[in-house]
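A.B. asks: make a model of this:
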Amino acid sequence: MGSPLSPVIANFYMEAFEGTALRTATKRPSCWLRYVDGTFVIWKHGIDELNIFLQHLNNIHPKIQFTMEVEKDTQLAFLDVLVSRRQDLSLGHKVYRKNTHTDRYLHNNSNLHPGQKRGVIKTLVDRARRICEPLHITEELQYLDRALQVNGYREQTIRRAIRPRRPVERQE
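C.D. replies: Now for the predicted structure:
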(Lines give C-alpha, C1' and ligand atoms only; values in the text may rest on other atoms or scores of the structure.)
Protein backbone atom coordinates (compact mmCIF):
# COMPACT_ATOMS: atom_id res chain seq x y z
CA MET A 1 0.00 0.00 0.00
CA GLY A 2 1.22 3.49 -0.72
CA SER A 3 1.32 6.57 1.39
CA PRO A 4 -2.06 8.00 2.45
CA LEU A 5 -0.90 11.21 0.78
CA SER A 6 -0.57 9.57 -2.65
CA PRO A 7 -4.19 10.17 -3.76
CA VAL A 8 -4.04 13.78 -2.58
CA ILE A 9 -0.79 14.45 -4.44
CA ALA A 10 -2.10 12.67 -7.55
CA ASN A 11 -5.23 14.83 -7.44
CA PHE A 12 -3.16 18.02 -7.14
CA TYR A 13 -1.05 16.92 -10.08
CA MET A 14 -4.09 16.09 -12.21
CA GLU A 15 -5.59 19.50 -11.48
CA ALA A 16 -2.42 21.14 -12.77
CA PHE A 17 -2.37 18.73 -15.73
CA GLU A 18 -5.97 19.61 -16.61
CA GLY A 19 -5.25 23.33 -16.36
CA THR A 20 -2.36 23.02 -18.79
CA ALA A 21 -4.28 20.71 -21.13
CA LEU A 22 -7.33 22.94 -21.34
CA ARG A 23 -5.36 26.18 -21.55
CA THR A 24 -3.19 24.94 -24.45
CA ALA A 25 -5.92 23.19 -26.45
CA THR A 26 -7.04 24.80 -29.70
CA LYS A 27 -10.65 23.81 -28.98
CA ARG A 28 -12.04 23.17 -25.52
CA PRO A 29 -14.93 21.14 -24.17
CA SER A 30 -17.96 23.05 -22.95
CA CYS A 31 -17.95 20.81 -19.85
CA TRP A 32 -15.06 18.97 -18.15
CA LEU A 33 -15.77 16.99 -14.98
CA ARG A 34 -13.30 14.59 -13.36
CA TYR A 35 -13.64 12.14 -10.52
CA VAL A 36 -10.39 10.30 -9.70
CA ASP A 37 -9.49 8.82 -13.11
CA GLY A 38 -12.81 9.25 -14.90
CA THR A 39 -13.56 12.36 -16.93
CA PHE A 40 -16.93 13.42 -18.33
CA VAL A 41 -16.71 15.84 -21.25
CA ILE A 42 -19.31 17.61 -23.36
CA TRP A 43 -17.83 18.31 -26.79
CA LYS A 44 -19.54 20.44 -29.42
CA HIS A 45 -16.85 20.56 -32.12
CA GLY A 46 -17.38 17.23 -33.91
CA ILE A 47 -15.72 13.83 -33.70
CA ASP A 48 -12.64 14.78 -35.74
CA GLU A 49 -11.81 17.66 -33.42
CA LEU A 50 -12.50 15.41 -30.43
CA ASN A 51 -9.88 12.95 -31.67
CA ILE A 52 -7.41 15.83 -32.07
CA PHE A 53 -8.18 16.91 -28.49
CA LEU A 54 -7.62 13.34 -27.23
CA GLN A 55 -4.27 13.27 -29.03
CA HIS A 56 -3.41 16.65 -27.45
CA LEU A 57 -4.16 15.23 -23.98
CA ASN A 58 -2.06 12.14 -24.60
CA ASN A 59 0.91 14.19 -25.85
CA ILE A 60 1.26 16.20 -22.62
CA HIS A 61 2.84 13.45 -20.49
CA PRO A 62 3.90 9.98 -21.67
CA LYS A 63 2.72 8.28 -18.44
CA ILE A 64 -0.75 9.85 -18.50
CA GLN A 65 -2.83 8.48 -21.32
CA PHE A 66 -6.55 9.01 -21.81
CA THR A 67 -8.97 6.65 -23.49
CA MET A 68 -12.33 7.72 -24.80
CA GLU A 69 -15.84 6.40 -24.86
CA VAL A 70 -18.44 8.33 -26.83
CA GLU A 71 -22.19 8.26 -26.40
CA LYS A 72 -24.17 5.48 -28.05
CA ASP A 73 -27.85 6.00 -28.77
CA THR A 74 -27.63 9.37 -26.97
CA GLN A 75 -26.44 7.69 -23.75
CA LEU A 76 -23.13 7.49 -21.91
CA ALA A 77 -22.31 5.80 -18.61
CA PHE A 78 -20.11 7.78 -16.23
CA LEU A 79 -19.28 6.07 -12.94
CA ASP A 80 -22.66 4.73 -11.78
CA VAL A 81 -24.74 7.30 -13.65
CA LEU A 82 -26.32 6.79 -17.07
CA VAL A 83 -26.42 10.20 -18.71
CA SER A 84 -28.91 10.65 -21.56
CA ARG A 85 -28.98 13.49 -24.08
CA ARG A 86 -32.51 14.63 -24.80
CA GLN A 87 -33.72 16.16 -28.07
CA ASP A 88 -33.61 19.64 -26.51
CA LEU A 89 -29.92 18.89 -25.64
CA SER A 90 -30.56 18.87 -21.88
CA LEU A 91 -29.22 15.89 -19.94
CA GLY A 92 -31.17 13.23 -18.08
CA HIS A 93 -29.69 10.86 -15.52
CA LYS A 94 -30.44 7.64 -13.71
CA VAL A 95 -28.57 4.82 -11.97
CA TYR A 96 -26.31 2.76 -14.25
CA ARG A 97 -25.43 -0.88 -13.73
CA LYS A 98 -22.95 -2.77 -15.88
CA ASN A 99 -24.19 -5.80 -17.81
CA THR A 100 -22.23 -7.98 -15.38
CA HIS A 101 -24.05 -6.58 -12.31
CA THR A 102 -25.72 -9.43 -10.39
CA ASP A 103 -27.91 -7.64 -7.80
CA ARG A 104 -26.13 -9.60 -5.06
CA TYR A 105 -26.11 -7.58 -1.88
CA LEU A 106 -25.60 -8.49 1.75
CA HIS A 107 -28.26 -11.17 2.28
CA ASN A 108 -30.78 -10.64 5.04
CA ASN A 109 -29.93 -14.10 6.47
CA SER A 110 -26.29 -13.08 6.96
CA ASN A 111 -25.04 -13.29 10.51
CA LEU A 112 -24.43 -9.55 10.83
CA HIS A 113 -25.88 -6.77 12.94
CA PRO A 114 -29.34 -5.63 11.74
CA GLY A 115 -27.98 -2.08 11.50
CA GLN A 116 -25.59 -3.19 8.76
CA LYS A 117 -28.45 -4.79 6.87
CA ARG A 118 -30.54 -1.63 7.17
CA GLY A 119 -27.48 0.27 5.98
CA VAL A 120 -27.45 -1.70 2.72
CA ILE A 121 -31.04 -0.68 2.00
CA LYS A 122 -30.50 2.92 3.10
CA THR A 123 -27.36 3.28 0.97
CA LEU A 124 -29.05 1.95 -2.18
CA VAL A 125 -32.13 4.13 -1.64
CA ASP A 126 -30.03 7.26 -0.95
CA ARG A 127 -27.96 6.53 -4.07
CA ALA A 128 -31.14 6.25 -6.15
CA ARG A 129 -32.49 9.53 -4.79
CA ARG A 130 -29.22 11.36 -5.43
CA ILE A 131 -28.63 10.05 -8.94
CA CYS A 132 -32.06 9.67 -10.51
CA GLU A 133 -33.93 12.59 -11.91
CA PRO A 134 -37.63 12.66 -10.86
CA LEU A 135 -38.65 10.92 -14.09
CA HIS A 136 -36.74 7.74 -13.12
CA ILE A 137 -36.89 7.59 -9.32
CA THR A 138 -40.04 5.41 -9.07
CA GLU A 139 -38.64 2.92 -11.58
CA GLU A 140 -35.35 2.71 -9.65
CA LEU A 141 -37.05 2.25 -6.27
CA GLN A 142 -39.21 -0.55 -7.72
CA TYR A 143 -36.05 -2.18 -9.10
CA LEU A 144 -34.43 -1.99 -5.65
CA ASP A 145 -37.56 -3.42 -4.03
CA ARG A 146 -37.37 -6.52 -6.27
CA ALA A 147 -33.58 -6.93 -5.92
CA LEU A 148 -33.68 -6.61 -2.13
CA GLN A 149 -36.53 -9.12 -1.84
CA VAL A 150 -34.41 -11.60 -3.82
CA ASN A 151 -31.70 -10.95 -1.20
CA GLY A 152 -34.10 -12.03 1.58
CA TYR A 153 -35.34 -8.67 2.84
CA ARG A 154 -38.98 -8.45 3.89
CA GLU A 155 -41.21 -6.18 1.83
CA GLN A 156 -42.21 -4.24 4.96
CA THR A 157 -38.55 -3.53 5.84
CA ILE A 158 -37.82 -2.34 2.30
CA ARG A 159 -40.93 -0.15 2.14
CA ARG A 160 -40.02 1.45 5.47
CA ALA A 161 -36.55 2.29 4.16
CA ILE A 162 -37.86 3.60 0.84
CA ARG A 163 -40.46 5.82 2.47
CA PRO A 164 -39.31 9.46 2.26
CA ARG A 165 -37.82 10.64 5.52
CA ARG A 166 -38.78 13.90 7.12
CA PRO A 167 -35.98 16.08 8.42
CA VAL A 168 -35.61 15.79 12.18
CA GLU A 169 -36.54 19.00 13.94
CA ARG A 170 -33.92 20.02 16.41
CA GLN A 171 -34.89 21.01 19.94
CA GLU A 172 -33.03 24.01 21.29
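
A.B. asks: did I read that right, Glu15 in a helix?
C.D. replies: Yes: checked against DSSP: H, G, I helix; E, B strand; the rest coil, Glu15 lies within a helix.

A.B. asks: what's the separation between it and Val8?
C.D. replies: Remark: distance between Glu15 and Val8 (Cβ to Cβ, to the nearest Å) = 11 Å. Where C-beta positions appear, they are placed from N, C-alpha and C, glycine not excepted.

A.B. asks: please apply the same query to Glu139.
C.D. replies: Noted for Glu139: a distance of 38 Å to Val8, by Cβ to Cβ.

A.B. asks: could I get the buried residue list for stretch 26-37?
C.D. replies: Judged by neighbour count using 16 or more other Cβ atoms under 10 Å, the buried positions of stretch 26-37 are 28-29.

A.B. asks: ok, and what's touching it?
C.D. replies: 7, 11, 14, 18, 22, 39-45, 49, 52-53, 56, 79 (Cβ atoms under 8 Å, 6 or more residues apart in numbering).

A.B. asks: got it, and stretch 45-57?
C.D. replies: Contacts of stretch 45-57 (Cβ under 8 Å, 6+ apart): 21, 24-27, 29, 43, 66, 68, 70.

A.B. asks: then stretch 92-104?
C.D. replies: With contact meaning Cβ under 8 Å, 6+ apart, stretch 92-104 is reached by 77-86, 127-128, 131-133, 135-136, 139-140, 147, 150-151.
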